[in-house]
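*Asks:* For reference, the sequence and a predicted model appear below.
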Amino acid sequence: MTSADERETLYRRTIRVLIVTQVLSGAGLAAGVTVGALLAEDMLGSTGSAGLPAALFTLGSAGAAILVGRLSQASGRRPGLAAGYAVGAVGGGGVVLAATIDSVPLLFASLLLYGSGTATNLQARYAGADLVEPARRGRAISTVLVATTAGAVLGPNLVGATGSIAEEVGIRALAGPFMLATIAYGLGAIVVLVLLRPDPLLAARAWTHAAEREATPGALATDAGRGSRRDLRLAAVALVITQIVMVAVMTMTPIYMRDHDHGLAATGMVISVHIAAMFLPSPITGILVDRFGRRPVIAVGGVTLLAAGLLGAVVPADSTPLLAVSLGLLGLGWNFGLIAGTALVTDATPLARRASTQGSVDLAVALAGATGGISSGFVVATTSYPALSLAGGALALAMLPLLLATREPGPPARPGAPVPAGGPGTRH
């Protein structure tokens with residue numbers, strides 16, 4: 001078997017393992033997103049603090065992103081992802097315990113740990129791109145992300161069932177979804193630890209070093225990382241803006257719906273639509289990213305988030321279908337920005353320091369999400385949900401002038417195209 005065949009075989013095996021873990025972690029992620037704000041409001045008695053859970057587990061995901069990235073850089077994707085999921089499981093269990101004994105400090109600490117699962121779920125998308133050339137990165141990233149859909153859509157729709165189970169054992173109903181998250185993240189850690197072998201990042205490095213020693217040109221040459229700092233900065237900013245808009249609006253939607261007499265079932269359905277839109281279109285987005293380039297898809301993402309903001313600002317509060325459409329557009333805009341931005345980060349980063357750089361970028365993304373989460377409750381408390389939605393759309397629109405300002409002269413290069421010697425890197 002040739003090295004190219006070995007690489008493709010390992011890629012397919014890696015993707016299969018990641019699909020299983022993404023289904024599990026998607027369920028864990030979505031459960032907390034659906035009821036986290038409601039649980040905090042119930043325990044704290046304040047709408048203004050309802051954004052704290054999203055802020056805390058997003059802040060926790062920020063710390064986890066850098067730690068998972070550094071552990072992956074030093075030891076490979078397998079220990080990095082397994083550790084991240086395991087910490088997320090501990091956090092989910094802590095939230096359940098906090099709700100049981102009515103401990104707000106334990107709730108806050110546990111939400112920080114719970115955020116590790118969110119960070120690891122997103123870090124897994126990079127593992128899907130370790131073994132493919134730039135021209136296939138969009139599709140590789142999208143394959144991993146779309147696997148999250150099954151768990152992410154299932155999780156919110158189990159809110160009622162898990163809540164009933166929780167009540168039967170004497171726990172707050174809103175803690176039930178975190179019981180699901182604990183199990184899902186724990187199983188994800190076990191699957192990664194046992195099955196993600198050989199490690200995709202370590203294998204990619206080994207093949208790259210072998211190709212360099214033999215001075216053999218080939219598909220791995222582009223992985224040496226002739227990355228552009230301009231592309232890396234653009235990708236990071238696009239990912240940050242996309243995340244802050246999505247987290248801010250998504251966090252307050254369950255509160256907004258509850259305040260207008262929507263039940264948990266309706267809220268779960270709207271969040272399910274949102275999360276499905278975040279992940280389900282990934283295969284198409286991946287093709288678009290590889291076919292047309294990273295920058296055009298980032299621009300489309302910005303426009304889609306603007307449309308979500310405008311619709312969210314005018315939709316009648318009692319219209320579940322229109323709220324679902326608005327949250328669907330919010331998820332779709334996030335999907336465009338995430339896949340295109342992730343591919344651009346990977347393109348612009350040498351393999352030798354790729355995992356740590358990816359972790360640093362995800363740190364910035366998570367901190368942005370924490371900012372969106374913690375500020376969203378105060379914005380809604382002092383103004384309104386429509387005002388928050390409109391502000392998110394306006395912020396997303398800022399990506400368009402940024403794309404123009406960072407545009408390099410000359411025609412854009414195809415993803416993965418050879419770079420002239422001394423050139424600044426591939427352009428997208």
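*Replies:* Great, that's in hand.
*Asks:* Please identify which helix or strand holds residue 262.
*Replies:* Under DSSP states H and E, no helix or strand contains residue 262.
*Asks:* quick one, what contacts it?
*Replies:* 318, 320 (C-beta atoms under 8 Å, 6 or more residues apart in numbering). C-betas here are computed from N, CA, C, even on glycine.
*Asks:* change it to 10 Å
*Replies:* 253-254, 256, 268-270, 317-320, 323 (C-beta atoms under 10 Å, 6 or more residues apart in numbering).
*Asks:* Can you tell me which of the residues you listed end up in helices?
*Replies:* 253-254, 256, 268-270, 320, 323 (DSSP state H).
*Asks:* So residue 331 sits against residue 285, correct?
*Replies:* No: using C-beta atoms under 10 Å, residue 331 makes no contact with residue 285, being 11.6 Å away.
*Asks:* ok so, going back, any chance of the ones in helices among the contacts of residue 262 in JSON lines, plus distance to residue 116, neighbour count and pLDDT?
*Replies:* Shown next, in JSON lines, are the ones in helices among the contacts of residue 262 (distance: C-beta to C-beta, whole Å; neighbours: other C-beta atoms under 10 Å; pLDDT from 0 to 100):
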{"residue": "253", "distance to residue 116": "24", "neighbour count": "27", "pLDDT": "90"}
{"residue": "254", "distance to residue 116": "22", "neighbour count": "25", "pLDDT": "88"}
{"residue": "256", "distance to residue 116": "28", "neighbour count": "21", "pLDDT": "90"}
{"residue": "268", "distance to residue 116": "24", "neighbour count": "23", "pLDDT": "81"}
{"residue": "269", "distance to residue 116": "28", "neighbour count": "18", "pLDDT": "87"}
{"residue": "270", "distance to residue 116": "26", "neighbour count": "27", "pLDDT": "90"}
{"residue": "320", "distance to residue 116": "33", "neighbour count": "19", "pLDDT": "89"}
{"residue": "323", "distance to residue 116": "30", "neighbour count": "27", "pLDDT": "94"}
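*Asks:* ok, of those, which one's closest to residue 40?
*Replies:* residue 254 (10.9 Å; C-beta to C-beta).
*Asks:* List the residues that are in contact with both of residue 331 and residue 285.
*Replies:* residue 279.
*Asks:* okay, those two: which has more neighbours?
*Replies:* Taking neighbours as other C-beta atoms under 10 Å, residue 331 and residue 285 compare with residue 285 leading, 28 against 25.
*Asks:* burial of the nearest residue to that one once chain neighbours are set aside, as a residue count?
*Replies:* Nearest residue to residue 285, sequence neighbours excluded (C-beta to C-beta, 6 or more residues apart in numbering): residue 339, at 4.7 Å. Residue 339 has 31 neighbours, counted by other C-beta under 10 Å.
*Asks:* ok, residue 339 touching residue 235?
*Replies:* No: the criterion here is C-beta under 10 Å, and residue 339 misses it with residue 235 at 11.1 Å.
*Asks:* Now for the two: what residues contact both?
*Replies:* Common contacts of residue 339 and residue 235, defined by C-beta under 10 Å, 6+ apart, comprise 294, 298.
*Asks:* Okay, residue 110 and residue 361: tell me how far apart.
*Replies:* Residue 110 is 26 Å from residue 361, where distance means C-beta to C-beta, to the nearest Å.
*Asks:* Strands of the stretch 301-428 of the chain, residue ranges please.
*Replies:* Per DSSP state E, counting those that start in this stretch, the stretch 301-428 of the chain carries no strands over any range.
*Asks:* remind me, longest helix of this structure?
*Replies:* Under DSSP H, the chain gives helix 3-44 as its longest helix.
*Asks:* how far off helix 3-44 does whichever helix or strand comes after it point, in degrees?
*Replies:* Per DSSP H and E, the first helix or strand lying C-terminal to helix 3-44 is helix 52-75. Going by axes from the mean of the first three to the mean of the last three C-alpha atoms, to 10 degrees, helix 52-75 is angled at 150 degrees with respect to helix 3-44.
*Asks:* about what we covered before: and which of the ones in helices among the contacts of residue 262 is nearest residue 98?
*Replies:* residue 254 (19.1 Å).
*Asks:* Could you report the distance from that closest one to residue 192?
*Replies:* With the distance defined as C-beta to C-beta, residue 254 ends up 30 Å from residue 192.
*Asks:* would you turn the contacts of residue 262 into JSON lines with distance to residue 374?
*Replies:* As requested, the contacts of residue 262 are exported to JSON lines (distance: C-beta to C-beta, whole Å):
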{"residue": "253", "distance to residue 374": "16"}
{"residue": "254", "distance to residue 374": "16"}
{"residue": "256", "distance to residue 374": "17"}
{"residue": "268", "distance to residue 374": "24"}
{"residue": "269", "distance to residue 374": "26"}
{"residue": "270", "distance to residue 374": "22"}
{"residue": "317", "distance to residue 374": "24"}
{"residue": "318", "distance to residue 374": "28"}
{"residue": "319", "distance to residue 374": "28"}
{"residue": "320", "distance to residue 374": "27"}
{"residue": "323", "distance to residue 374": "23"}
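*Asks:* Please identify which of those residues is nearest to residue 103.
*Replies:* The closest of those, once distances to residue 103 are taken by C-beta to C-beta, is residue 254, at 22.6 Å.
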